[in-house]
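Enquirer: Dropping the sequence and predicted coords here.
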Amino acid sequence: VLGPAMMDQFRKQAERFGADCRYGMVTEVDIDNHPFSLTIDDSVKITTDALIVSTGASAKWLGLESETRLRGYGVSACATCDGAFYKGDEIAVVGGGNVALEEADYLTQFGSKVYLIHRRSEFRGTEILSDRVKNNDKIEILWNNEVTEILGEDSLSGIVVENNKTGERKELSNVKGFFIAIGYDPRTELFEDDIELDEKKYIVTNRKQETNKEGIYAAGDVQDSSYRQVITSAAAGAKAAMEVNQYITSLKGDSVYV
């Protein structure tokens, strides 16, 4: 089942139990006063006794026009999501941190060969992950290289890399899957002045999904920099919902189901 179809099923199930599902962009928040106030699409205001922030995280991209056009057609930012599509193919990963090292190692169980492209001469990831990648015979590391072009019209047909020390260009024409692993940006812009964030701008929560602000909870990729999977995000969302139920009950004195 594709992601959008599954999300639609989630929505329909929630509506069966009375959920009021609305569409719009939250453009402003006021969480200094209770109840909290949200502005939708710069015009509609709603108030709420409790808030669950689940705005997710966006993958960082290289900024090439072709990566946008071929996203989902050979270009991806999630090895665990799409790696199995390239069984027996040559695969390329770009990045040098822990995410890139983990994804390159993971993809060797599918690909016949994995290129790991890094713009520097040493990895930024941990020593144990670096050693694992360096000792994996299925991984070829291209040091001091950057991806300058992604080839293909309707689907990926290769990539072009350039050595930033020598200027040498090379076309990897057998690559069928290209994974970008240069990090993620959590969508916390609206909350960075009011909710505690870690050094990477992810929302800090306790085991109950509570933030440092009473009545505000967070779930999913916006507070989890490690897993980024539907099942872990859904679990965090369920925990947050049950905590909200208890919180509102304590405020209202009535049983509330969310």
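Expert: Happy to help now that I have it.
Enquirer: Now stretch 80-89: buried residues?
Expert: Neighbour counts using 16 or more other C-beta atoms under 10 Å place 82-83, 86, 89 of stretch 80-89 among the buried residues. From N, CA and C alone the C-beta is placed, and that goes for glycine too.
Enquirer: Actually, stretch 202-218.
Expert: So stretch 202-218, judged by 16+ other C-beta under 10 Å, has buried residues 202-203, 205, 209-211, 213, 215-218.
Enquirer: Just those residues: which are in strands?
Expert: 216-218 (DSSP state E).
Enquirer: Just put the residues you listed in JSON lines and tack on distance to residue 224 and pLDDT.
Expert: Shown next, in JSON lines, are those (distance: C-beta to C-beta, whole Å; pLDDT from 0 to 100):
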{"residue": "216", "distance to residue 224": "16", "pLDDT": "98"}
{"residue": "217", "distance to residue 224": "13", "pLDDT": "98"}
{"residue": "218", "distance to residue 224": "9", "pLDDT": "98"}
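Enquirer: closest to residue 133 among the residues you listed?
Expert: Comparing these against residue 133 with C-beta to C-beta places residue 218 closest, at 32.3 Å.
Enquirer: how near is residue 209 to residue 174?
Expert: Taking C-beta to C-beta, to the nearest Å as the measure, residue 209 falls 45 Å from residue 174.
Enquirer: er, residue 49 I mean
Expert: 57 Å.
Enquirer: Name all residues that make contact with residue 88.
Expert: By C-beta atoms under 8 Å, 6 or more residues apart in numbering, the contact set of residue 88 is 110-112.
Enquirer: Now for residue 149, how many residues are close by?
Expert: Residues lying near residue 149 (other C-beta atoms under 10 Å) number 15.
Enquirer: So it belongs to a helix, correct?
Expert: No: looking at residue 149 with DSSP: H, G, I helix; E, B strand; the rest coil, it is strand, so not inside a helix.
Enquirer: is it true that residue 75 touches residue 67?
Expert: Yes: here residue 75 reaches residue 67: they are 5.2 Å apart, a contact under C-beta atoms under 8 Å.
Enquirer: which neighbours do the two share?
Expert: Common neighbours of residue 75 and residue 67 (C-beta under 8 Å, 6+ apart) are 150, 178, 180.
Enquirer: since we're on the second one, how many residues are nearby?
Expert: What it means is residue 178. So residue 178, with other C-beta under 10 Å, has 28 neighbours.
Enquirer: cool, and the last one?
Expert: Counted with other C-beta under 10 Å, the neighbours of residue 180 add up to 26.
Enquirer: so which helix or strand takes in residue 101?
Expert: helix 98-107 (DSSP states H and E).
Enquirer: actually residue 91, sorry about that
Expert: Using DSSP H and E, residue 91 falls in strand 90-94.
Enquirer: Can you give the contact residues for that strand?
Expert: 62, 79, 83, 100, 103-104, 107, 110-118, 147, 159, 172, 174-182.
Enquirer: repeat that for 7 Å
Expert: 100, 103-104, 107, 111-117, 147, 159, 172, 174-182 (C-beta atoms under 7 Å, 6 or more residues apart in numbering).
Enquirer: For the residue most central in space within the chain, which residues are in contact?
Expert: Compute the mean C-alpha point of the chain, and by C-alpha atoms, centre = their mean the closest residue is residue 57, 4.5 Å away. The neighbourhood of residue 57, defined by C-beta under 7 Å, 6+ apart, consists of 184-187, 221-222.
Enquirer: In PyMOL, select just the buried ones from the residues you listed.
Expert: With 16+ other C-beta under 10 Å as the criterion, this PyMOL line picks the buried residues out of these:
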select buried, resi 184+186+187+221+222
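Enquirer: Narrow the contacts of residue 57 to those in strands?
Expert: Short answer: the contacts of residue 57 in strands (DSSP E) are 184-186.
Enquirer: and which of those is nearest to residue 35?
Expert: For those, the nearest to residue 35 is residue 186 (25.0 Å; C-beta to C-beta).
Enquirer: List the buried residues in the longest helix along the chain.
Expert: Using DSSP state H to define each element, the chain has its longest helix at helix 230-252. Neighbour-count burial for helix 230-252, with 16+ other C-beta under 10 Å as criterion, is recorded at 233, 236-237, 239-241, 243-244, 247-248.
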